[in-house]
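Student: coords below, sequence missing:
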């Protein structure tokens, strides 16, 4: 599988982005960039990325996730991650990106975190 499939669904004010495939240098990275930028531009700045079916993330893909996080923050939102593979958990631990992203094992906990975060800032 050399492409990245991106689908979205809504849960309240959170857009869940289901990703499947690779997030790597080239077309897949560009597809993710464009898709997230479009969501943010349309006012969907609370994003939950479901990485359960992502088979590879390279350094370029990791950079895109960080850039997307910064874009969402500038728009008053955030990006959170869920269902990371052991390999990806190891990667964000080594790069210390676990200090940037909130990471969750399941969708219910992840969605609940958006509720408490928005209530805390209200």
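Tutor: On my side now, so go ahead. As the structure is a computational prediction, the values presented were derived from the model and not from experiment.

Student: longest strand in the protein, by number of residues?
Tutor: When the chain is parsed with DSSP state E, its longest strand is strand 46-57.

Student: that one pairs with which strands?
Tutor: According to DSSP bridges, strand 46-57 forms sheet pairs with strand 14-23 (parallel), strand 78-82 (parallel).

Student: got the buried residues for the helix or strand where residue 90 lies?
Tutor: In this structure, residue 90 sits in helix 86-94 according to DSSP states H and E. Under the neighbour-count criterion of 16 or more other C-beta atoms under 10 Å, helix 86-94 has 88, 91-92 buried. From N, CA and C alone the C-beta is placed, and that goes for glycine too.

Student: over to stretch 74-87?
Tutor: 77-84.

Student: contacting residues around the closest residue to residue 52 other than its chain neighbours?
Tutor: Once flanking residues are discounted, residue 52 sits nearest to residue 83: 3.7 Å by C-beta to C-beta, 6 or more residues apart in numbering. The neighbourhood of residue 83, defined by C-beta atoms under 8 Å, 6 or more residues apart in numbering, consists of 50-52, 104-106.

Student: name the helices or strands packed onto the helix holding residue 90?
Tutor: Counting contacts by 3 or more C-beta pairs under 8 Å, 6 or more residues apart in numbering; DSSP states H and E, helix 86-94 is packed against strand 46-57.

Student: quick check: angle from the next helix or strand after the strand it packs on to strand 46-57?
Tutor: Using DSSP H and E, the helix or strand that follows strand 46-57 towards the C-terminus is helix 59-74. If you take axes from the mean of the first three to the mean of the last three C-alpha atoms, to 10 degrees, helix 59-74 sits at 180 degrees to strand 46-57.
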